[in-house]
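1. can't give you the sequence, but here's the structure:
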């Protein structure tokens with residue numbers, strides 16, 4: 001989390017302000033708990049909160065010896081593979097109630113709420129007060145699970161989302177960030193771009209309102225961002241085998257001993273070009289399988305290579321399976337260590353490696369010769385038209401830890 005206690009404040013900047021945050025979700029629902037985004041607090045009777053609820057709706061409120069305002073969306077936030085942009089634009093001096101609070105998601109105003117209680121005119125909010133304020137946490141126990149990027153507060157102005165983002169000119173449904181360094185952030189305003197891994201709470205607005213990190217280190221900075229979205233493990237596939245997803249859904253700990261097992265894929269599919277990932281298997285024996293999937297799991301006992309169109313290497317015997325049959329052997333065995341996966345969808349070959357060495361003297365750069373690779377069906381001929389990296393258990397008794405690196409900075 002990050003925290004700050006502003007040195008001073010004024011009623012004006014607590015009445016009128018705009019908060020902008022980009023985030024990507026890790027866990028969902030009750031397992032994730034209430035995921036705090038911004039939380040100023042004086043005491044148990046005076047606080048405010050922005051968070052994702054246990055039902056995955058978004059809540060935004062202010063409580064000062066009684067509720068000042070309260071909003072809960074009907075919309076849920078459950079896409080763990082995408083970045084969201086949220087803008088809260090406040091101006092309690094407005095005469096028209098609906099103009100005092102405006103909430104935008106990905107450039108579009110949210111108008112459908114389960115709870116919609118507006119502030120009275122000229123309400124002095126808790127936001128931008130001189131109280132302790134935290135990002136990603138409330139009281140040290142409930143943390144945001146996921147990623148943050150480009151967090152900004154502009155005081156004394158109620159801004160539109162176009163001050164922070166725009167629709168892509170080539171793909172007009174895609175909302176993307178813009179350069180906001182030229183904004184006037186105002187007293188107590190800040191701009192956190194997380195560019196300096198040694199100072200993740202550094203305010204680059206020019207105001208010097210630096211935040212203090214807690215429980216964060218340089219390794220927690222990653223390359224995953226709204227302009228360069230990386231794959232993570234697909235939380236939706238936890239339905240069949242209840243594993244635990246951590247580290248921004250880049251680490252999977254499978255259950256073991258629960259009478260079920262299944263594979264998980266990545267969130268982003270691949271249909272052309274060349275792709276690479278690696279993971280570190282830190283526990284367990286050889287009863288695991290990893291590879292490439294063009295089909296999703298459909299039962300709690302699906303191993304990766306059981307499904308037609310999927311290719312799974314079994315760590316116990318070095319056999320490569322597809323459609324529940326071994327199609328090649330001699331890939332070697334492995335219980336723990338590093339696994340390398342490369343796929344060439346221009347020439348339709350897959351490659352496997354362990355601990356820095358490509359198996360079968362593989363060369364993922366060999367192009368149409370496919371040196372040391374295994375020929376696969378073209379993505380265009382598969383059911384869903386894409387391949388995904390995949391991994392999972394081959395046994396219903398063993399549980400393992402898979403720490404993944406999809407290129408976003410480090411192992412999970």
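-> On my side now, so go ahead. Note that the structure is a prediction, hence the values are computed from the model and not measured.

2. show me this structure divided up by domain.
-> According to automatic domain parsing, the chain comprises the domains 2-220, 235-405.

3. quick one: end-to-end distance for the longest one.
-> Same thing as domain 2-220. Start to finish, the residues bounding domain 2-220 are 13 Å apart (Cα to Cα, to the nearest Å).

4. just to revisit the earlier point, least confident of the domains of the chain, on average?
-> Ranked by mean pLDDT, those bottom out at domain 235-405, with a mean of 90.

5. where do the strands sit along the stretch 301-412 of the chain?
-> Taking DSSP state E, counting those that start in this stretch, the strands of the stretch 301-412 of the chain run over residues 311-314, 320-322, 325-328, 337-344, 349-354, 357-358, 374-375, 388-393, 401-405.

6. quick one: the fifth one to chain centroid distance?
-> Right, strand 349-354. For strand 349-354, the separation from the chain centroid amounts to 27 Å (computed by Cα atoms, centre = their mean, to the nearest Å).

7. report the contact partners of residue 326.
-> 319, 320 (Cβ atoms under 8 Å, 6 or more residues apart in numbering). In this view, the C-beta of every residue, glycine as well, is placed from N, C-alpha and C.

8. and it, what are its bridge partners?
-> residue 321 (DSSP bridges).

9. ok, residue 291 next?
-> When bridges are called by DSSP bridges, residue 291 pairs up with residue 312, residue 390.

10. between the strands of the stretch 301-412 of the chain, which one is nearest to residue 135?
-> Minimum separation from residue 135 across the strands of the stretch 301-412 of the chain (Cβ to Cβ) falls at strand 401-405, 25.8 Å.

11. direction included, what does the closest one pair against?
-> Applying DSSP bridges to the sheet, strand 401-405 is found paired with strand 251-253 (antiparallel), strand 274-281 (antiparallel).

12. please compute how far it lies from its chain's middle.
-> Its chain's C-alpha centre and that of strand 401-405 lie 15 Å apart, by Cα atoms, centre = their mean.

13. please apply the same query to stretch 93-102.
-> Distance, centroid of stretch 93-102 to centroid of chain: 33 Å (Cα atoms, centre = their mean).

14. do the same with stretch 173-192
-> Using Cα atoms, centre = their mean, the offset of stretch 173-192 from its chain centre is 21 Å.

15. buried ones in it?
-> Buried residues in stretch 173-192, counted by 16 or more other Cβ atoms under 10 Å: 175, 176, 177, 180, 183, 185, 186, 188, 189, 190, 191, 192.

16. who's in contact with the fourth one?
-> The one in question is residue 180. Contacts of residue 180 were listed using Cβ under 8 Å, 6+ apart, and they are 20, 150, 152, 163, 164, 191.

17. distance to residue 143 and secondary structure added to the residues you listed, as JSON lines?
-> Converted to JSON lines, the contacts of residue 180 look like this (distance: Cβ to Cβ, whole Å; DSSP: H, G, I helix; E, B strand; the rest coil):
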{"residue": "20", "distance to residue 143": "21", "secondary structure": "strand"}
{"residue": "150", "distance to residue 143": "20", "secondary structure": "strand"}
{"residue": "152", "distance to residue 143": "21", "secondary structure": "strand"}
{"residue": "163", "distance to residue 143": "29", "secondary structure": "helix"}
{"residue": "164", "distance to residue 143": "24", "secondary structure": "coil"}
{"residue": "191", "distance to residue 143": "23", "secondary structure": "strand"}
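
18. closest one of the residues you listed to residue 276?
-> Closest approach between the contacts of residue 180 and residue 276, by Cβ to Cβ: residue 150, at 27.6 Å.

19. can you tell me how far the spatially closest residue to the closest one that is not a sequence neighbour sits from residue 50?
-> Excluding the flanking residues, the one nearest residue 150 by Cβ to Cβ, 6 or more residues apart in numbering is residue 22, at 5.1 Å. Residue 22 sits at a distance of 14 Å from residue 50 (criterion: Cβ to Cβ, to the nearest Å).

20. isn't residue 110 right next to residue 72, touching?
-> No - counting by Cβ atoms under 8 Å, residue 110 does not reach residue 72; the two are 10.7 Å apart.

21. any residues in contact with both of the two?
-> By Cβ under 8 Å, 6+ apart, residue 110 and residue 72 have no common neighbours.

22. where exactly do the helices run in the chain?
-> For the chain, applying DSSP state H gives helices covering 11-15, 29-32.

23. quick one: which of those is nearest residue 265?
-> helix 29-32 (19.7 Å).

24. show the contacting residues for residue 199.
-> Each residue near residue 199 by Cβ under 8 Å, 6+ apart is listed here: residue 210.

25. return the backbone torsion pair for it.
-> Phi and psi for residue 199, reported as degrees, to the nearest 10, are phi -150, psi 70.

26. from residue 144, how far off is it?
-> 20 Å.

27. circling back: CSV for the contacts of residue 180, including distance to residue 276?
-> Below are the contacts of residue 180 laid out as CSV (distance: Cβ to Cβ, whole Å):
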residue, distance to residue 276
20, 34
150, 28
152, 34
163, 38
164, 33
191, 34
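
28. I figured residue 134 hits residue 47, correct?
-> No - contact criterion Cβ under 8 Å: residue 134 and residue 47 do not qualify, at 10.5 Å.

29. what residues are shared contacts of the two?
-> Counting by Cβ under 8 Å, 6+ apart, the common neighbours of residue 134 and residue 47 are 39, 40, 41.

30. and of these, the nearest to residue 302?
-> residue 39 (41.1 Å).

31. what number of residues lie near that closest one?
-> The tally of other residues near residue 39 (other Cβ atoms under 10 Å) stands at 24.

32. please verify my assumption that residue 360 contacts residue 331.
-> Yes - taking contacts as Cβ under 8 Å, residue 360 lies within contact range of residue 331: 7.0 Å.
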